[in-house]
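Q: The following block contains a protein sequence and its predicted model.
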Amino acid sequence: MNALPPSGAGTADDGLRSVLERFDVGVVVRRMTAGFDRLAAYTSFEWPVDRTAVVRWNVDLIMRWMINGLPPDDYLRSELHEFLRARAVAGQPIEDSILVYRRGARMFWEALLDLAGDEDRAVLVAEWDTVWGCLEDYLDLVVDVFVQAYADQQDAPSTAGDRRARALFDRLCARLPVTIEDRDRAARLGFDLVEPYRPFTARLAGATVADHARLASRLRASGALAFTEGFRVTGLTPDRFGWAVFLDDPRLILAQDSPLPRDRLGSAVDGLRALIEIATRSGRRGRVGADDYLPELLLADSPEASDRIVRRVFGPLERAEAVDLAHTLRCLAAHDFDNTTTAAELPVHRNTLLYRVARIEKLTGLSLKDQRDRTLVLLAVTWEAITADVRSASERPDALG
């Protein structure tokens, strides 16, 4: 192993150890967290933990390894196994999980180089093989633990049912001919293959991934074709499926379509995923329907046009670096363009608000007295509020959670 030897070693290793000990680990973690926030394999995966704390845990571990020359003991390996098993339970593909750690190793190295002074940076570059040797040993350990954690999760009975349900759902949505294997899957799951089916997506507000896995298992036991998508449960039910007992849970948010032929199931479920994310953000519980969120769904249905609306409204303000004006415009939209309540909310003098409104209109070319332009602003603000949730619902649902 290429870790640093214990104290008392040669000058070069002592020098590297001193450099590493001078780093503020909190600053390194913030740098890495900013990098992870730009990594799709990281941001598209929902995980009910303090992500910064997880990054800190890993950075602390690798720092101790390099400074003291001591690899993780059995206790730390057990903790690492639980971290990685949680990703498996949440449905993150193993290749994405490993990619996050590999990119993390590079971000760690780049953060050290960026944060070091000239002399310390020279030591790091001279000892790069020692640092990277330890990072590669850690990555090898992570891959080994990942493989075991994912294998453990694959062996769980509830996971096997989840995989069968997902596979059958995908085949039904793809309108593939029903095979003997499909009938066997349906029989094992207790799902009636007679059409039509009612697609649904459900969520337990504030619940864990494990809670959603249990919900999917209960739904399957009641005759639904249900599987987890991290913090959602999606699937199909017969027309007269009994939801009453599930709706007794005050956390449940349920979006369900009418009975549909197979060729419409896929697109319908995409819309339900978006609907459930929008409803969750709004604080709704129980059954929700498309009619409750028509403006939001209209925007979600045309994301490119919605992005263009945001650029039309806020682009000129951003180019002018007028942060206060953008905030003022959002506040106006939130208060029905009423100057008195908006001025009180900001809070600013009413004359200051009128001055800002004049600047907004000059920069954007919009008239905030014109109903059409007001509608444009409302659409832009609405899309800003829901775009992250809608995109997370539509991107790689198998990797979400």
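A: Everything's here; your move. Residues are numbered from 1 along each chain as shown.
Q: contacts and neighbour counts: CA atoms only from here.
A: Will do.
Q: shaky segments in the protein?
A: Across the chain, the ranges flagged by pLDDT under 70 are 1-12, 44-49, 89-93, 95, 150-159, 389, 391-401.
Q: who does the host helix or strand of Val54 touch, helix- and strand-wise?
A: Using DSSP states H and E, Val54 maps to helix 51-68. Packed against helix 51-68, as judged by 3 or more Cα pairs under 8 Å, 6 or more residues apart in numbering; DSSP states H and E, are the following elements: helix 11-22, helix 25-36, helix 128-154.
Q: Tell me which residues of it come out buried.
A: By neighbour count on 16 or more other Cα atoms under 10 Å, the buried set for helix 51-68 is 55-56, 58-59, 61-67.
Q: out of the residues you listed, who's nearest Thr130?
A: Within the buried residues of helix 51-68, distances to Thr130 taken as Cα to Cα reach their minimum at Met66, with 8.5 Å.
Q: Would you mind confirming that the closest one makes contact with Gly133?
A: No. Applying Cα atoms under 8 Å as the test, Met66 and Gly133 come out as separate, 9.6 Å apart.
Q: Of all the helices and strands packed on helix 51-68, which one is nearest Ala105?
A: helix 128-154 (6.5 Å).
Q: tell me the helices in the stretch 301-401 of the chain, going along the chain?
A: For the stretch 301-401 of the chain, the helices identified by DSSP state H, counting those that start in this stretch occupy 303-319, 323-334, 339-345, 350-364, 371-394, in order along the chain.
Q: chain center to the third one: distance?
A: In this case it means helix 339-345. In terms of Cα atoms, centre = their mean, to the nearest Å, the centre of helix 339-345 is set 35 Å apart from its chain centre.
Q: What residues sit buried inside it?
A: Of the residues in helix 339-345, those buried under the neighbour-count criterion (16+ other Cα under 10 Å) are 339, 341-343.
Q: Now do the contacts for the residue nearest to Gly161 when sequence neighbours are not counted.
A: Ranked by Cα to Cα, 6 or more residues apart in numbering and with sequence neighbours excluded, the top spatial neighbour of Gly161 is Leu189, at 7.0 Å. Residues near Leu189 by Cα atoms under 8 Å, 6 or more residues apart in numbering: 161, 164-165, 220-221, 223, 225.
Q: If we use 10 Å, what do you get?
A: Listed by Cα atoms under 10 Å, 6 or more residues apart in numbering, the contact partners of Leu189 are 161-162, 164-165, 168, 183, 217, 220-226.
Q: coming back round to it: just the buried residues of helix 339-345 now: which is nearest Gly365?
A: Proximity of the buried residues of helix 339-345 to Gly365, judged by Cα to Cα, is greatest for Asn339, which lies at 19.2 Å.
Q: my read: the closest one touches Arg356, true?
A: No. Counting by Cα atoms under 10 Å, Arg356 is not a contact partner of Asn339; they are 11.0 Å apart.
Q: residues bridging contact with those two, i.e. touching both?
A: A shared contact of Asn339 and Arg356, defined by Cα under 10 Å, 6+ apart, is any residue touching both; here these are Arg350.
Q: that older thread, among the contacts of Leu189, which ones are buried?
A: Applying the neighbour count, that is 16+ other Cα under 10 Å, the buried entries in the contacts of Leu189 are 161-162, 164-165, 168, 217, 220, 222-226.
Q: and which of the contacts of Leu189 is nearest Arg106?
A: Within the contacts of Leu189, proximity to Arg106 (Cα to Cα) peaks at Asp162, which comes in at 34.6 Å.
Q: Now do the closest one against Ile386, distance only.
A: Counting by Cα to Cα, to the nearest Å, the separation of Asp162 from Ile386 is 29 Å.
Q: Just tell me which of the helices and strands packed on helix 51-68 ends up closest to Phe108.
A: Phe108 lies closest to helix 25-36 among the helices and strands packed on helix 51-68, at 6.5 Å (Cα to Cα).
Q: Give me the distance from that closest one to the chain's centre.
A: Chain-centre distance of helix 25-36: 18 Å, with Cα atoms, centre = their mean.
Q: now for that helix, which elements pack on it?
A: Helices and strands touching helix 25-36, as assessed by 3 or more Cα pairs under 10 Å, 6 or more residues apart in numbering; DSSP states H and E, comprise helix 40-43, helix 51-68, helix 94-115.
Q: Now Gly365: phi and psi?
A: Backbone dihedrals for Gly365, given as degrees, to the nearest 10, come out at phi 80, psi 10.
Q: What count of nearby residues applies to it?
A: 13 (other Cα atoms under 10 Å).
Q: from what I can see it touches Val357, true?
A: No. Counting by Cα under 10 Å, Gly365 stays clear of Val357, with 11.4 Å between them.
Q: Can you give me the separation between Leu317 and Thr382?
A: Plainly put, Leu317 is 17 Å away from Thr382 if you go by Cα to Cα.
Q: Same check on Ile180?
A: For Ile180, the distance to Thr382 equals 47 Å [Cα to Cα].
Q: Between these two, which is the more surrounded one?
A: With other Cα under 10 Å as the criterion, Ile180 and Thr382 differ in neighbour count, and Thr382 comes out ahead with 19 against 9.
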